[in-house]
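# got a sequence here, can you model it:
(2 chains)
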Amino acid sequence: AQKVTQAQTEISVVEKEDVTLDCVYETRDTTYYLFWYKQPPSGELVFLIRRNSFDEQNEISGRYSWNFQKSTSSFNFTITASQVVDSAVYFCALSEASGYSSASKIIFGSGTRLSIRP
Amino acid sequence: GAVVSQHPSWVICKSGTSVKIECRSLDFQATTMFWYRQFPKQSLMLMATSNEGSKATYEQGVEKDKFLINHASLTLSTLTVTSAHPEDSSFYICSARAGQSGNTIYFGEGSWLTVV
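Model prediction:
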């Protein structure tokens, strides 16, 4: 069975601090996708990144970076020099590889509520 | 880019009535759509997988007679909450899978349902 664990329920840091959101996943599939989404108070899901299970390269996008380690089944997300606008709930998610079945459903972690204080 | 639109964004209905939420893929065909429910301060929980032209596949614990899903075309799936009760008040969000291969999934903006 697939499972995504975000152990940090809430994190609060002062603006300009770096913060890392943890994500640990479980899956029996050898091919899968990992995601991070941002959900501001308005509710919509903002797509941040998708990572294929065969691509363990870390990625950096501006102040955002992701560390994917298959050995520990983790896909952590770091925000550098945090800003107040980063305040939101962040979800890590997992999806098995697509096919012609009803695959590709995304399983979400419980989310981490991030508050950036000015 | 691809867009998935949900309507309505907000809806208030009386207890006992039914309410329909639409999920449309605006510039691509979606053979598969997914419906999620999110209670306040909780995660998104998959309710069902909607396949065009066939019956939806419901997750364990989701009442298929209460949450009717219809996916009659490649661009539209609807979720009807029948005989709604206050405990059905939630944020409902859909996603659509683009194409048969690959794993590109787009989410709608979500629909806030309040049952009074």
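
# could you use CA atoms for every contact and neighbour count after this?
Will do.

# partner residues bridging the spatially most central residue of chain B?
Most central in chain B under Cα atoms, centre = their mean is B:Trp35, positioned 3.7 Å from the mean C-alpha point. Beta bridges link B:Trp35 to B:Ala48, B:Cys94 when assigned by DSSP bridges.

# I'd say it and B:Ile93 touch.
Yes. If you go by Cα atoms under 8 Å, B:Trp35 and B:Ile93 touch, sitting 6.0 Å apart.

# start and end of stretch A:27-40, how far apart?
Start and end residues of stretch A:27-40 are separated by 28 Å (Cα to Cα, to the nearest Å).

# give the contact list for the residue nearest to the centre of chain B.
If you count contacts by Cα atoms under 8 Å, 6 or more residues apart in numbering or on different chains, B:Trp35 has them with B:Leu46, B:Met47, B:Ala48, B:Thr49, B:Ser50, B:Leu79, B:Tyr92, B:Ile93, B:Cys94, B:Ser95.

# same check, this time on A:Leu21
Contacts of A:Leu21 by Cα under 8 Å, 6+ apart are A:Gln6, A:Gln8, A:Asn76, A:Phe77, A:Thr78, A:Thr112.

# buried subset of those?
A:Gln6, A:Asn76, A:Phe77, A:Thr78, A:Thr112 (16 or more other Cα atoms under 10 Å in any protein chain shown).

# hang on, the fourth one packs against A:Asp18?
Looking back up the chat, that one is A:Thr78. Yes. Counting by Cα under 8 Å, A:Thr78 touches A:Asp18, with 7.1 Å between them.

# the buried ones among the contacts of A:Leu21: which two are farthest apart?
Farthest-apart pair in those is A:Gln6 and A:Thr78; separation 13.7 Å (Cα to Cα).

# any low-confidence regions in the chain?
Since no chain was named, I'll use chain A. A:97-104 (pLDDT under 70).

# right idea, wrong chain: chain B
B:1-2, B:99-103.

# what segments of it are strands?
Assigned by DSSP state E, chain B shows strands spanning B:4-7, B:10-13, B:19-25, B:32-38, B:45-51, B:57-58, B:67-73, B:76-81, B:90-97, B:105-107, B:111-115.

# same check on chain A?
Using DSSP E, strands in chain A cover A:3-5, A:10-14, A:19-21, A:24-26, A:32-39, A:46-52, A:59-61, A:64-69, A:74-79, A:88-96, A:106-108, A:112-117.

# give me whichever of those is most buried.
The highest average neighbour count among the strands of chain A, using mean count of other Cα atoms under 10 Å in any protein chain shown, belongs to strand A:88-96 at a mean of 25.

# now for that one, which elements pack on it?
Here strand A:88-96 touches strand A:3-5, strand A:32-39, strand A:106-108, strand A:112-117, going by 3 or more Cα pairs under 8 Å, 6 or more residues apart in numbering or on different chains; DSSP states H and E.
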